[in-house]
Each structure stands twice: as structure tokens, then as C-alpha cells.
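Enquirer: Turn this into a model:
(one chain, ligands or ions: 1)
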Amino acid sequence: MKKTFREKTISFFTRIAKKNKLLKYPCLAALSIVLGTYHIGRYFASNTKRFASVVFVVIFFMTSCSFSFAVLAEKTGFVKAQETYSAVIGDSDITLAEEGGSPYIEDMDEDLSYDIEEDYESDAYTLDDILGDDADYTVEGDQQEELSQQVSEDYVFDPDDWRLVLINKQHPIPDDYSFDLGTIKDGMLCDERIVGDLLAMMQAAKKDGINLMIRSPYRSDNRQETNFNKRIRRYMGQGYSYLDAYKLTSQVITVPGASEHQVGLALDITSDTYSNLDEGFAETDTGKWLAEHSCEYGFTLRYPAGKEYITSIEYEPWHFRYVGREAAVIMRDEGICLEEFWDKYL
Ligand SMILES: [Zn+2]
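Expert: Sure, this is the predicted structure:
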């Protein structure tokens, strides 16, 4: 009868041990190692499919993590978000209920980012800089009257209202979005429809002893993209793969196509006494004045503290977005951000 590998090994080591008593224990140890290795090997060999699938699953999860906001986002999330957006904007018959939930507040557990561009616009203008000789600019009569009135309770918001356009990582700028640029000062531009309210706000602040400083309103698509790509190349120069570089970049610079600065409705505002873009700005008189009064001129603090899980942008007490007075007042009074406003009123 043919002996098995196990039997052959045992008899081999037994013979050696019988010939030389001193080798009894070394032989026993060697026998255990050989048989142990043999059995483990056989176990792997008979379960190759099982192990291969475990290895595959592990590799899949590892790679999908580092891809999270790069290629996959572009191929799936971005396109999907844009479709949802145009479906709702394009056809107001589709209600939130029919869509089965909140298309505006989505699961935003990605890493937070700041809406700051790389080579930060050094130009910054105060009211005096802007008005120059024309410094006796006054708020137009009917505008002032309107400002003193309360927002009517039965005001109906229109999802097609340009002032309320929702732009974030999940809702990129709609392809057919168009607007005219107006000049604030020299090359500093924004949507021309908000210039009047902006100047009115700056003037009202000045009356309260606050000298607002406007920075980086409109940024062209090109500029946002150039800055974004420049940063990707820098990370790649440090040895990161393209995908990792993309992910790191998207954490510090808003993904092109998802910044409100690109539609001229957002402004970064500081003061002539505190120009840092940091959370400390919120504690200054200017930061407090803006948080309280900007809504009276149609501006809202777009990325508030405590809403990061919805906006996916860090708290930015300097970043203001024009949404119109009616919506801005509601957002301040109810302490809600634009995504929440969409869910509740549109
Ligand atoms: Zn900003």
C-alpha cells in the first residue's frame, strides 16, 4: 500500500531519532514544522477561490477610498447631481416628495474644503476706494423704503429665481446659466444685478462705523481651473499620484464648476482693520455686523458654523452669497443655510 506524505515524513524522522537518541527532540520539532507547513499549504490550495475573493474585496475598498472624489465623482456623482438639479429646475412639477427625499441635502460626508483660491486676489476695495469722487452715493429712495419693510409672510419663492441658484459640489453651475458682469471697481467684477445692493450695504455699514472691504468677487472659470490644476501639479511634483493629488487639491480649493464665485454672486468680505480670512473674523465688529445685517441687503453667510456637514465647506465668516433679501432674512432668522432653504421653501 502506498504511504501518504504524512506517514513517510513521520517514519523518516522516527528512523533518525532511533539511530541517534540525542536527535529525538530536534527531530520532533522538525517534524512539527514540516507537517504544519504541509497542512497550511494544503488548506490554502483547496480554498484558493475564497482567498482570491477576499484579496479582491480588500484591494477594491483600498482603491475606492483614494478615488473617492476624483474620477469616480466625476463619472458618477457629478453627472448625477447635475441631472437632479436640471430635473428640478427645468421642470418645477417634480416636487421633493416625488423624488423621495431631499435632493439638496445629500450625504456630504466628504472631506470639508475651503472656498479659497490659491493665489488669493490681493485687490481689496473699501467704499471710498469704489466711489472715489462720487462718495456721496446714497441708497435709492424706493430701495431704502423696501429695506425698512418686513418680508411678507406669504412671499412665494420661485425655484427658477436666479438669486436662489444652488451651487455646491453636488450641484455644479448649470450648463445654461448665464449672467452679465457688472464692475465694482477696475477689474473687480460681479453679477451686475447685485452691485446696487452691495453698495447700499457698504454704505449702511459705514454709517455704523464699519469699513467693509470687498475681495475676490467674480472669478472666471479659467482662473478657478488654472489654480486647481496648478495645485494638482504641485502635489504630483511631491510624488503623489494624480488621483491622490486631485483629492488633496479638492480639499483646499473648490472644485471648478462648483464655486459661487464663478457666477459672480459670492463675495469675500473683510474690513480695513482685519483682513485675515480666518474664523477670528467672526469675532470682530465687522464680522458681527455682517452676520446681523447683511441679509437686509440680500446677502447670506453662505458657510455657517455647524452646517459643515451640509455645505461640505468649512466655516467661512467672510464668504457672503447674494440670495435676495426675502430669502436672506429667512435664512438668518431661522438659522438655516441655502441647502436647507431649498428643502423647506422650494
Ligand atoms: Zn469666498
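Enquirer: and whichever residue of the stretch 201-346 of the chain sits closest to the ion, bridged to which residues?
Expert: Using Cβ to the ion, the point where the stretch 201-346 of the chain gets nearest to the ion is residue 319, with a distance of 3.7 Å. For every residue, glycine as well, the C-beta is placed using N, CA and C. Residue 319 forms beta bridges with residue 268, as assigned by DSSP bridges.
Enquirer: In contact with it: list those residues for me.
Expert: 115, 266, 267, 268, 301, 302, 303 (Cβ atoms under 8 Å, 6 or more residues apart in numbering).
Enquirer: mind running it again at 10 Å?
Expert: 114-116, 216, 260-261, 266-269, 277, 300-304, 313 (Cβ atoms under 10 Å, 6 or more residues apart in numbering).
Enquirer: Check residue 245 too.
Expert: Residue 245 neighbours (Cβ under 10 Å, 6+ apart): 70, 229, 231, 232, 233, 234, 235, 236, 237, 238, 239.
Enquirer: Quick check, the third one in contact with residue 254.
Expert: No - taking contact to mean Cβ atoms under 10 Å, the distance of 11.4 Å between residue 231 and residue 254 leaves them out of contact.
Enquirer: Can you flag which of the contacts of residue 319 belong to strands?
Expert: 266, 267, 268, 269, 300, 301 (DSSP state E).
Enquirer: From the residues you listed, list the ones also adjacent to the ion.
Expert: residue 268 (Cβ under 5 Å from the ion).
Enquirer: Farthest pair within the ones in strands among the contacts of residue 319?
Expert: Spatial extent of the ones in strands among the contacts of residue 319 (Cβ to Cβ) is set by the pair 268 and 300 at 13.9 Å.
Enquirer: If you count surrounding residues, which of those two has more?
Expert: When residue 268 and residue 300 are compared for neighbours, residue 300 comes out ahead with 25 against 21, by other Cβ atoms under 10 Å.
Enquirer: What residues does that one make contact with?
Expert: By Cβ under 10 Å, 6+ apart, the contact set of residue 300 is 291, 294, 319-324, 327-332, 336-338, 341.
Enquirer: so where does residue 256 fall, helix or strand?
Expert: Counting by DSSP states H and E, there is no helix or strand that carries residue 256.
Enquirer: Distance of it relative to residue 287?
Expert: Plainly put, residue 256 is 28 Å away from residue 287 if you go by Cβ to Cβ, to the nearest Å.
Enquirer: tell me the mean pLDDT for stretch 279-286?
Expert: The average pLDDT within stretch 279-286 is 97.
Enquirer: circling back to that earlier point, so of the contacts of residue 300, which ones are in strands?
Expert: 319, 320, 321, 322.
Enquirer: just to revisit the earlier point, looking at residue 231 and residue 254, which is more packed in?
Expert: Neighbour count, other Cβ under 10 Å: between residue 231 and residue 254, residue 254 has more, with 24 against 19.
Enquirer: Confirm for me that the more buried one is in contact with residue 260.
Expert: Yes - Residue 254 is in contact with residue 260 according to Cβ under 10 Å; the separation is 8.7 Å.
Enquirer: State the distance from residue 132 to residue 56.
Expert: 67 Å.
Enquirer: whoops, residue 254 was the one
Expert: The value you get for residue 254 to residue 56, if Cβ to Cβ is used, is 35 Å.
Enquirer: mind giving me the domain split of the protein?
Expert: What the record gives for the chain is the domain set 5-46, 71-345, from automatic domain parsing.
Enquirer: in the stretch 151-300 of the chain, which spans are strands?
Expert: With strands called from DSSP state E, counting those that start in this stretch, the stretch 151-300 of the chain shows them at 181-185, 188-191, 212-215, 266-271, 299-301.
Enquirer: Same list (these) but as a markdown table, adding distance to residue 157.
Expert: As requested, the strands of the stretch 151-300 of the chain are exported to a markdown table (distance: least, Cβ to Cβ, whole Å):
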| stretch | distance to residue 157 |
| --- | --- |
| strand 181-185 | 24 |
| strand 188-191 | 19 |
| strand 212-215 | 27 |
| strand 266-271 | 20 |
| strand 299-301 | 14 |
